[in-house]
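Enquirer: here's a sequence, model it:
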Amino acid sequence: MNVKKVAATTKLWLAAQDKKAQAVTGEDAFWASRDIAKVLPLMIDAYASPADEQALTPASLIEEYDTAQDDEEEEASRKKFDYYCIPASPAMFALVEAVWMKWCAYQSLFSRHGASSKQFGEDNDKFLLSTCLSNIVNAELTDPSSEGVTITRDKVSLSLHSRYRPQVFNVRFLTVVDGLVGCGMLLQTKGLSWHGPIRPAQSWQTILHSSAALRALMAEHGVTAVRDTKWDRTGQEIILRKKDKTSRLEEYSDLDVIANGYRAEVREINEMFSRANITVLNRTGAAFIDERDRFVQRQFTYQSWRSGGRLLGGFWTPMHKEERVSRILLNGETTVELDYNSIGYHALYAQARAAMPQGDVYRIAGMDQASRAGIKKLMLSLTFDKKANRSRFPKGSSVLFSEADRTAGARVAIAKIKSHHVGVAYLLGANKGHELQFIESQVLIAVLLKVKSEGLIGLPIHDCLLVPRSQVDRVKTIMEDVSLRVSGIRVPVKIQATESEQ
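Expert: Model (predicted):
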């Protein structure tokens, strides 16, 4: 038993019990019961943990739980259900009509929910069905080895209104899915429900697969290309997280002036991408890349419009650097990546009103140049640390250091980093990471809007831009000028070399 961990979970347990005892309405009592259900597995884990295991605070325990709740099968062999995937071709619409007829026949003959379709709305049922089919078709045609699409069958989640999915997606979605399974169009592997204190061994996400009958209908109607489906994510340009990027989404008002301003900026940027002359070289044997996926959104964290804010999305983001440069043409030209030289640390120096050391930010006196990749990762971690007591290298990064630096240990490396960057040493371990990401994202947004206004093009990857070779000099100047205006310090920009060029 871990005494400290038990004490932390007990505080959560007592708080949840008090909340339930003081509940005035049935809704308050319901949410208090949910909190109690959250704490149970944590208490069991605390009693089962070794005594020397590092204890967690109540806040970090809940964060750990929330992160696990939103961990939805990140395996490459499965795709998460996309509420905004819809039919895009006459062939796909014909497939939807054929399956719709089968679904309606099944509902009228076998389902006890059949009579309720008119109450909910035939158009809504058909929309749910078409979106479900589009997800299955897209997954199968993008990657034939795909193991299916994951959905949630949690009725509580589906019952709650969310700005992050179309309003039509509620518990009725489960009726549509079960009808598709019943009429032989889909195969379903249900996730295990989590009713007690013990988390199920298997996933609680349900997996949907295409059936042989559906694949036969796809062939019959000529649904054979990924372009038979598309996405319409209008209105989803901004997302707000409860905590970090792994936590659940936070709802916010449609009347939020700041959010609407950010949304308008991202819409303008997405318009530039939609009209841009972008070509992807899809070669035989290489993973298929759908160049139509050009929608990006800003992800803010910790329920704040001044935390995080990085751009996510776009087909180019998950691609490897070498692959981006070799397979993407902009305006018919080959491309290069323009990379800010540690915009986060430059922003830190601007906040501290201190002079930035000359040369490479990650070249630390007394440390091997071969350790540069490890130093970069360690320095980034220091900006996210909430306390200045780090004693270990970030997980998995020790191999990035030379043998001598690795043997000396993390404490020695951190001391040398703080000695070199003495002007901002007091800000390392001060939980500045998300704030610095916000500054970085503000710079990138301003750069993209300036690039668009001049009729140029650039694809963002965090603090980099992928640009045509003919535009390198002009875009580089824009990036450096904008960094001074937005962050308060001119951040140098360099052409990012690929591994083959290094």
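
Enquirer: what about the strands in the stretch 351-500 of the chain?
Expert: Taking DSSP state E, counting those that start in this stretch as the test, the strands found in the stretch 351-500 of the chain are 459-461, 464-468, 493-496.

Enquirer: worst mean pLDDT among those?
Expert: Per-segment mean pLDDT for these reaches its minimum on strand 493-496, at a mean of 90.

Enquirer: and it, C-alpha only, in PDB?
Expert: The C-alpha coordinates for strand 493-496 follow below in PDB (Å, rounded to 0.1, in the frame of the first residue of the first chain):
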ATOM      1  CA  VAL A 493      15.000  31.600 -39.500                       C
ATOM      2  CA  LYS A 494      17.100  28.900 -41.200                       C
ATOM      3  CA  ILE A 495      16.500  26.400 -44.000                       C
ATOM      4  CA  GLN A 496      15.900  23.100 -42.400                       C
END
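
Enquirer: ok, residues contacting it?
Expert: By C-beta atoms under 8 Å, 6 or more residues apart in numbering, the surrounding residues in contact with strand 493-496 are 321, 336-341, 464, 472, 476, 479-480, 483. For glycine as for every other residue, the C-beta is placed from the backbone atoms N, C-alpha and C.

Enquirer: of these, select the buried ones using a PyMOL command.
Expert: For anyone working in PyMOL, the buried entries among the contacts of strand 493-496, judged by 16 or more other C-beta atoms under 10 Å, can be selected with:
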select buried, resi 321+336+337+338+339+340+464+472+476+479+480+483
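
Enquirer: from the contacts of strand 493-496, which land in helices?
Expert: Judged by DSSP state H, the contacts of strand 493-496 include 321, 472, 476, 479-480, 483 as members of helices.

Enquirer: how is the protein carved up into domains?
Expert: Structurally, the chain divides into domains by automatic domain parsing as follows: 3-69, 79-231, 238-343+435-496, 358-420.

Enquirer: format these as TSV; extra columns: distance to Q351.
Expert: As requested, the domains of the chain are arranged in TSV below (distance: least, C-beta to C-beta, whole Å):
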stretch	distance to Q351
domain 3-69	26
domain 79-231	33
domain 238-343+435-496	8
domain 358-420	11
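
Enquirer: and of the ones you listed, who's closest to A350?
Expert: For those, the distance to A350 is smallest for domain 238-343+435-496, at 3.9 Å, taking C-beta to C-beta.

Enquirer: start to end distance for the closest one?
Expert: For domain 238-343+435-496, the separation between the terminal residues is 29 Å (C-alpha to C-alpha, to the nearest Å).

Enquirer: coming back round to it: nearest to M272, of the ones in helices among the contacts of strand 493-496?
Expert: Comparing the ones in helices among the contacts of strand 493-496 against M272 with C-beta to C-beta places M479 closest, at 16.0 Å.

Enquirer: list the contacts of the closest one.
Expert: Taking C-beta under 8 Å, 6+ apart, we find M479 in contact with 338, 340, 447, 465, 491, 493.

Enquirer: need the pLDDT of it.
Expert: With respect to pLDDT, M479 scores 97.

Enquirer: which SS class is the residue nearest to the spatial centre of the chain?
Expert: Centroid-nearest residue in the chain, with C-alpha atoms, centre = their mean: K245, separated by 6.3 Å. Taken by DSSP: H, G, I helix; E, B strand; the rest coil, the conformation at K245 corresponds to coil.

Enquirer: from what I see, it and S307 are in contact.
Expert: No - the criterion here is C-beta atoms under 8 Å, and K245 misses it with S307 at 10.9 Å.

Enquirer: identify the contacts common to these two.
Expert: Any residue near both K245 and S307 by C-beta under 8 Å, 6+ apart counts here, and that gives T301.

Enquirer: any stretches of the protein with poor pLDDT?
Expert: Low-confidence segments of the chain, defined by pLDDT under 70: 1, 24-35, 37-78, 111-121, 192-204, 497-502.

Enquirer: what residue of it is the furthest out?
Expert: Relative to the mean C-alpha coordinate of the chain, counting by C-alpha atoms, centre = their mean, the farthest residue is L109 (41.8 Å).

Enquirer: what about S146, neighbour count?
Expert: By the criterion of other C-beta atoms under 10 Å, S146 has 18 neighbours.

Enquirer: tell me which element the residue nearest to it when sequence neighbours are not counted is part of?
Expert: Using C-beta to C-beta, 6 or more residues apart in numbering and skipping residues adjacent in sequence, the residue nearest S146 is A139, 4.6 Å away. Here A139 sits within helix 122-142, counting by DSSP states H and E.

Enquirer: packing partners of that helix?
Expert: Here helix 122-142 touches strand 79-80, strand 85-87, helix 90-110, strand 149-151, helix 172-182, strand 206-210, helix 212-220, strand 229-231, going by 3 or more C-beta pairs under 8 Å, 6 or more residues apart in numbering; DSSP states H and E.

Enquirer: recalculate using a threshold of 7 Å.
Expert: Helix 122-142 is packed against strand 85-87, helix 90-110, strand 149-151, helix 172-182, strand 206-210, strand 229-231, with contacts defined by 3 or more C-beta pairs under 7 Å, 6 or more residues apart in numbering; DSSP states H and E.

Enquirer: and those: which comes nearest D293?
Expert: Per C-beta to C-beta, nearest to D293 of the helices and strands packed on helix 122-142: strand 229-231, 6.9 Å.

Enquirer: can you list the strands that the closest one pairs with?
Expert: Within its sheet, strand 229-231 is paired with strand 85-87 (antiparallel), according to DSSP bridges.

Enquirer: how far away from the center of its chain is the strand it pairs with?
Expert: Strand 85-87 sits 21 Å away from the centroid of its parent chain (C-alpha atoms, centre = their mean, to the nearest Å).

Enquirer: now do the buried residues in it.
Expert: Of all the residues in strand 85-87, those buried under the rule 16+ other C-beta under 10 Å are 85-87.

Enquirer: closest one of those to Y252?
Expert: Compare each of the buried residues of strand 85-87 with Y252 using C-beta to C-beta and the shortest gap goes to C85, at 24.2 Å.

Enquirer: quickly list what that closest one is bridged to.
Expert: With beta bridges defined as DSSP bridges, C85 has these partners: W231.

Enquirer: so what's it up against?
Expert: 131, 134-135, 138, 229, 231 (C-beta atoms under 7 Å, 6 or more residues apart in numbering).

Enquirer: ranking these by neighbours, who comes first?
Expert: For the contacts of C85, counting by other C-beta under 10 Å, the largest number of neighbours falls to T229: 27 neighbours.

Enquirer: now do that residue against L141, distance only.
Expert: Summarising the geometry, the distance separating T229 from L141, computed by C-beta to C-beta, to the nearest Å, is 8 Å.

Enquirer: go on, L338?
Expert: In this view, L338 and L141 are 34 Å apart by C-beta to C-beta.

Enquirer: next one: A347
Expert: From A347 over to L141 the distance is 43 Å, taken as C-beta to C-beta.

Enquirer: what's the burial count for E322?
Expert: 12.

Enquirer: likewise for A23?
Expert: A23 - counted by other C-beta under 10 Å - has 15 other residues nearby.
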